[in-house]
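A.B. asks: The following block contains a protein sequence and its predicted model.
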There are 2 protein chains.
Amino acid sequence: MQKPKSDTEAAILEEAARIVADEGAQALAARRVAAAAGCSVGTLYNLFGHLDGVVRAVNRQTMRLLAEQLSAQLSALPQATARDDRLTALAMAYLDFGLAEPNRWEALFRYRLQTPAEPPQEAEALFDILRAEAGEGVEDEALTALWAAVHGVVELAVSRRLPVAPAGAERRMIALILTAGLTSVASPR
Amino acid sequence: MQKPKSDTEAAILEEAARIVADEGAQALAARRVAAAAGCSVGTLYNLFGHLDGVVRAVNRQTMRLLAEQLSAQLSALPQATARDDRLTALAMAYLDFGLAEPNRWEALFRYRLQTPAEPPQEAEALFDILRAEAGEGVEDEALTALWAAVHGVVELAVSRRLPVAPAGAERRMIALILTAGLTSVASPR
DNA sequence: CAAGGCAGTGAACAGCGTTCATCTGAGATA
DNA sequence: TATCTCAGATGAACGCTGTTCACTGCCTTG
């Protein structure tokens, strides 16, 4: 992966990621992770500072995973795909990831860390994927607005808070928002 | 407020609401609320079942508060205001509430209850406000999509996760989404 | 007055995140 | 080889958490 300073650190991260993905971030307990990783709580704290540090490490891993999936979906598209269709495919891949990994998603966006911190470089990398596909014609603010709108649908879909939602409604909602938003924001290319 | 079966129940709810609003839902501790409300933990559990019950009660109160503010903003509008402008005003009031009460907002949408439950009637009442203003011309699914989109912006604004966001950007983002979405969803009236 | 029921109680339990005095053992030094 | 050194690992202990339940004492009913 990325700079695992020690074997123990890698083992802790692996076990923590497994627990977060399977049971959610609130199931992450220091003693449990340490035991499964074959070290003591003290070592975990020496390496990560606090438990939030472990969650943050898992979250960075999640962002890399998401970036991979987005890129994979993009490269699966025909070469001649129009810009708006590429952005829509990106949004759909975003939705798919949230629905496929609800616990990782919740850890990323809903888990309340004790100490807020700057977004890591992995977060910027994700937005860069979006910016690259949008091209020069779209302002950052407009792009952020559209991403936030799509994010809202995914957020509510993942946490099952969407009222009146028959099957497949999320995809239609995203399509509605993006077709309306993209035509208003810039001319399709 | 609403059916406070006993004085103690009302006192607990009042104190719990104060803590949630001031410090966030994760600062809510059974012993602390009980002590401040002048009763024992046992009584709190007799009345609310678990601590989540207390959070849920606060959340219902929050929804009623939000409904009041939305209605107030609507009635402050000139009689002849166009439908799209009324819906936009609603969205802006939604944003204002989230920014003014970030801790209540987080308890409502981000706090992870141990036991998921059906949305209370207060949630339906909120969506009914929206539906009433949208009128017959807008499908429930389209309305939900637009609400989710606006919600996404508010969610990210409240949790300070909006990248590249200068002051006042949230309002412009919501305006962008709604003008685009509403014209696409139905003709303005 | 006696009996019954029941709301209110808080010590106790098992767990949590976090700390830090203690220990350990690999490598440097003599 | 014997000794020293010290970075890193350790886990008991601390103060907290949500939750339970045997107990209390009051109030109503007979």
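C.D. replies: That came through, no problem.

A.B. asks: can we go C-alpha only for contacts and neighbour counts from here?
C.D. replies: Noted.

A.B. asks: Work out the gap between the lengthiest helix in chain A and the centre of the chain.
C.D. replies: What stands out as the longest helix in chain A, according to DSSP state H, is helix A:51-75. Going by CA atoms, centre = their mean, to the nearest Å, the spacing between the C-alpha centre of helix A:51-75 and its chain's C-alpha centre is 6 Å.

A.B. asks: which outside residues touch the helix or strand just after it?
C.D. replies: Once the chain leaves helix A:51-75, the next helix or strand it forms, by DSSP states H and E, is helix A:83-100. Residues outside helix A:83-100 that contact it (CA atoms under 8 Å, 6 or more residues apart in numbering or on different chains): A:66, A:69-70, A:73-74, A:77, A:104-105, A:130, A:133-134, A:150, A:154-155, A:157-158, A:171, A:174-175, A:178-179, A:182, A:188-189.

A.B. asks: So what does whichever residue of chain A sits closest to DNA strand C have for phi and psi?
C.D. replies: When distances are taken as CA to the nearest atom of the strand, chain A reaches nearest to DNA strand C at residue A:29, 3.3 Å away. Reported as degrees, to the nearest 10, the phi and psi values for residue A:29 are phi -120, psi 140.

A.B. asks: ok, now how distant is it from chain B?
C.D. replies: Here the criterion is CA to the nearest CA, to the nearest Å. By it, residue A:29 lies 16 Å from chain B.

A.B. asks: so who does that residue touch?
C.D. replies: Residue A:29 makes contact with residue A:51, according to CA under 8 Å, 6+ apart.

A.B. asks: near DNA strand C, which residues of chain A?
C.D. replies: Where chain A comes near DNA strand C, counting by CA under 7 Å from any atom of the strand, the residues are A:28-32, A:41-42, A:45, A:49-52.

A.B. asks: PyMOL command for the buried members of those?
C.D. replies: Here is the PyMOL command that picks out the buried ones among the residues of chain A next to DNA strand C, judged by 16 or more other CA atoms under 10 Å in any protein chain shown:
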select buried, chain A and resi 28+30+32+51+52
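
A.B. asks: Pull up the gap between the nearest residue to residue A:58 once chain neighbours are set aside and residue A:62, please.
C.D. replies: Once flanking residues are discounted, residue A:58 sits nearest to residue A:17: 5.6 Å by CA to CA, 6 or more residues apart in numbering or on different chains. To residue A:62, residue A:17 is 9 Å away according to CA to CA, to the nearest Å.

A.B. asks: higher neighbour count, those two?
C.D. replies: In this view residue A:17 and residue A:62 are compared by other CA atoms under 10 Å in any protein chain shown, and residue A:17 has more residues nearby, 24 against 20.

A.B. asks: Residue A:60 is in contact with that one, correct?
C.D. replies: No: between residue A:17 and residue A:60 no contact is recorded; they are 10.5 Å apart, counting by CA atoms under 8 Å.

A.B. asks: residues in contact with the strand or helix carrying residue A:21?
C.D. replies: Using DSSP H and E, residue A:21 sits within helix A:7-23. Helix A:7-23 is touched from outside by A:4, A:25-28, A:33-34, A:36-39, A:44, A:47, A:54-55, A:57-58, A:101-104, A:107, with contacts defined as CA under 8 Å, 6+ apart.
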